[in-house]
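Novice: fold the following for me, if possible:
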Amino acid sequence: MFKSDFDPQPALSGDAILLRPLRPEDLEGLYFAASHPDVWAGHPATDRYKREKFEPYFALLLASETTLVAIDRQNDRIIGCSRYYVAPDMPDSISIGFTFLNNAYWGGGTNFDLKRLMLGHAFGTYPEVWFHIAPTNIRSQKATAKLGAAHVYDAILDLSGTPSPWMCFRLRQDDWNRVVAGRAEVA
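Specialist: From the prediction side, this is the model:
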């Protein structure tokens, strides 16, 4: 359960992207963002680019009432999503995950911008944020490490209906602040 003063589905706006609550009418736009096989290549559900696999996933995201869609502000197109959740082994903490971006947005600053918005919101209430990443998802492991998160332990957790192995990364606010300050110095 989230802390009472935390809104798990805020609208957050950055220069390049907008995050807003997922709505039922977002199915087509989010499916379009998810429909390339490369998007799911590192994930445990490698066939989620298929509509019959994506629709149940969309239903899960919608039912969570904690999912945010990412919208490219330049063309007003949905490019992916992410969500807040409380992991069963960390009931007093917050986690960010279930994140994917259309592969056209890989390699730039979009994932960092998305996480910057979500982390800024989370750190207003929580001192640390957790990320749970499948052992096979090397791309997400590297991206999470770039945020300043550290791999703390591995666990079998039920995050979406089936117990699975997860690598558990923790990001403390001080570590995040150092990453943000370092990026500002480079810019």
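Novice: surely residue 2 meets residue 64?
Specialist: No - contact between residue 2 and residue 64 fails when scored by C-beta atoms under 8 Å: they sit 11.5 Å apart. Every residue, glycine included, has its C-beta placed from N, CA and C.
Novice: residue 183 and residue 71: what is the separation?
Specialist: From residue 183 across to residue 71, the span is 23 Å (C-beta to C-beta, to the nearest Å).
Novice: if you count what's nearby, which of those two comes out ahead?
Specialist: residue 71 (22 against 13; other C-beta atoms under 10 Å).
Novice: pLDDT below threshold where in the protein?
Specialist: 187 (pLDDT under 70).
Novice: all helices of it, in order?
Specialist: Secondary structure of the chain (DSSP state H): helices located at 27-34, 51-64, 110-122, 138-146, 173-186.
Novice: looking at these, which is buried most?
Specialist: helix 110-122 (a mean of 20; mean count of other C-beta atoms under 10 Å).
Novice: distance of residue 59 from residue 163?
Specialist: On the measure of C-beta to C-beta, residue 59 and residue 163 end up 20 Å apart.
Novice: next: residue 134.
Specialist: 13 Å.
Novice: do residue 69 as well
Specialist: On the measure of C-beta to C-beta, residue 69 and residue 163 end up 28 Å apart.
Novice: more neighbours, these two?
Specialist: residue 69 (22 against 12).
Novice: tell me the contacts of that one?
Specialist: 19, 20, 21, 22, 23, 26, 29, 30, 78, 80, 81 (C-beta atoms under 8 Å, 6 or more residues apart in numbering).
Novice: isn't the second one up against residue 11?
Specialist: Yes - Residue 20 sits in contact with residue 11 when judged by C-beta under 8 Å, with a separation of 4.6 Å.
Novice: more neighbours: which of these two?
Specialist: The neighbour count for residue 20 versus residue 11, taken as other C-beta under 10 Å, is higher for residue 20 (16 against 11).
Novice: against residue 105, how distant is the closest residue to residue 8 other than its chain neighbours?
Specialist: Distances taken as C-beta to C-beta, 6 or more residues apart in numbering place residue 66 nearest to residue 8, at 4.1 Å, with adjacent residues excluded. Computed as C-beta to C-beta, the residue 66 to residue 105 distance reads 22 Å.
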